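Asker: Let's see this in three dimensions:
(one chain, ligands or ions: 1)
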Amino acid sequence: MNTLSCVVSPPLGLLAELTHRCPLQCPYCSNPLVLDAASAELDTDGWKRVLSQAADLGVLQVHFSGGEPMSRRDLEVLVRHATQAQLYTNLITSGVTLTEARLAGLVAAGLEHIQLSFQDVETANAERIGGLKGAQSRKLRAARLIREADVALTINFVVHRQNVAQVGQMVDLAVEIGARRVEIAHTQYYGWGLLNRASLLPDLGDLHVATSDVEAARERHAGRIAIDYITPDYHAYRPKACMGGWARRFINISPAGRALPCHAAETIQTLDYPSVRDMSLEDIWLRSEAFNRFRGTDWMPTLCQGCALKERDWGGCRCQALALTGDASATDPVCELSTHHHLLRAVLQEHPRIPPPFAYRASPRR
Ligand code: FES
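Answerer: Next comes the predicted model:
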């Protein structure tokens, strides 16, 4: 083991974004605005190589994501390969294309957990947000199939101004479905979420109501379901440890095979992201410039260097710093000590009385 690998821990999880193809068009999608074409996707052998290298590197969990990972016909093959490599497997899906036969194939391949997303509890609003008619009943059917197959299930709701009033009912629905966990995650403002920020960002009053609705649901369903509640950065005064710190715990692989420290990293165009087609995962993780650029604390601006919390928040979010200040190395403007904090407050002031129409996520080229 060389000096570098002694000081850098292996990633805990790998997010395998198998494809950007998706039947939904959610306006908060974390995929980049320029999507990878189907023809550019890594093939089955390419993904198998990535999964084997991940296991060798010390990765424990693989999250199959997209787009909609069910769009890949080789998903069962990849789940089997990950299982044989002793990786814990999680499928992140909208569920709209899940059939009994495919679920049986995934379970036989060793799939251990499914995270199923919903856009709302109200059918009309859910289908308006996701841009797909008939999606809600297909999701409810998928949830039933997953429960019958006895696969561990987490329900995910991305929350924003246009569904935030239903947070309590979201938890109720997850309990009714029989999920072990529900994620109530406020929208993060990158990618399509950033583009649609004026339509999505709740005001402080809505956030307070949602937070107390979550607390009430915790009491109502105590012992029956775990509730993860993720609040929006824009109303905070201290930054979050985005991804647990840049290149500390996670590695993302895009459909075309670019290795990224987070899902929005490609917005930082000054970094050259390596491809798994050209480099091993170990070389990427330990030695690539992109992964080392914001790792640890040495890169931090003077203000952050003197902060007692620097090894707790790891400087917050680099993509957010870029989105709000134009400089990915700036102090995260969420921090109230940042000289850019006023930029965030200005966005909150803008809150339009009637939210503008969504710019729906496009479909990638073939
Ligand atoms: Fe890229 Fe936070 S999303 S560092």
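
Asker: quick one: pLDDT of the closest residue to E41 other than its chain neighbours?
Answerer: Leaving aside its chain neighbours, E41 sits nearest to P255 (4.6 Å; criterion: C-beta to C-beta, 6 or more residues apart in numbering). Glycine gets a C-beta too; all of them are placed from N, C-alpha and C. In this model, P255 is scored at 98, pLDDT.

Asker: quick one, what contacts N163?
Answerer: Q119, D120, E122, N125, A126, I129, F157 (C-beta atoms under 8 Å, 6 or more residues apart in numbering).

Asker: Cross those residues against strands and list the overlap.
Answerer: F157 (DSSP state E).

Asker: show me where the protein has strands.
Answerer: Assigned by DSSP E, the chain shows strands spanning 13-17, 61-65, 88-93, 113-118, 152-159, 181-186, 226-230, 250-253, 259-260.

Asker: Scan the protein for its longest helix.
Answerer: The longest helix of the chain (DSSP state H) is helix 204-220.

Asker: quick check, distance from it to the centre of its chain.
Answerer: Distance of helix 204-220 from the chain centroid (C-alpha atoms, centre = their mean, to the nearest Å) equals 22 Å.

Asker: in that helix, what counts as buried?
Answerer: Buried residues in helix 204-220, counted by 16 or more other C-beta atoms under 10 Å: D206, L207, A210, T211, D213, V214, A217.

Asker: returning to that earlier point: the residue nearest to E41: how many residues sit nearby?
Answerer: 24 (other C-beta atoms under 10 Å).

Asker: So which bits of this protein are right by the ligand?
Answerer: In this structure, the chain approaches the ligand at residues Y190, C242, M243, W246, C262, A264, A265, C317, R318, C319, Q320, judged by C-beta under 6 Å from any ligand atom.

Asker: which ones among the residues you listed are found in helices?
Answerer: R318, C319, Q320.

Asker: Out of those residues, the closest to G168 would be?
Answerer: Q320 (28.6 Å; C-beta to C-beta).

Asker: Now do the contacts for the closest one.
Answerer: Y189, Y190, D233, C242, D332, P333, V334.

Asker: Now a PyMOL select for only the buried ones of the residues you listed.
Answerer: Listed next is the PyMOL selection for buried residues among those, using 16+ other C-beta under 10 Å:
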select buried, resi 189+190+233+242+332+333+334
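
Asker: hmm, back to that, give me phi/psi at the residue nearest to E41?
Answerer: phi -50, psi -40 (degrees, to the nearest 10).

Asker: Let me know whether it touches E17 as I believe.
Answerer: Yes: P255 lies in contact with E17 (C-beta atoms under 8 Å); the separation is 5.5 Å.

Asker: before we move on, back to that, can you add mean neighbour count and give the strands of the chain back as TSV?
Answerer: What follows is the strands of the chain, written out as TSV (neighbours: other C-beta atoms under 10 Å):
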stretch	mean neighbour count
strand 13-17	23
strand 61-65	23
strand 88-93	22
strand 113-118	22
strand 152-159	22
strand 181-186	22
strand 226-230	15
strand 250-253	24
strand 259-260	25
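
Asker: I'd like to know how far the residue in the stretch 1-150 of the chain positioned nearest to the ligand sits from L309.
Answerer: As assessed by C-beta to the nearest ligand atom, the ligand sits closest to S30 within the stretch 1-150 of the chain, at 8.3 Å. To L309, S30 is 26 Å away according to C-beta to C-beta, to the nearest Å.

Asker: do the same with A126
Answerer: 38 Å.

Asker: the more surrounded of these two?
Answerer: A126 (19 against 14).

Asker: is L14 in a bridge, and if so with what?
Answerer: V62, I251 (DSSP bridges).

Asker: tell me which of the contacts of Q320 is nearest to the ligand?
Answerer: C242 (3.3 Å).
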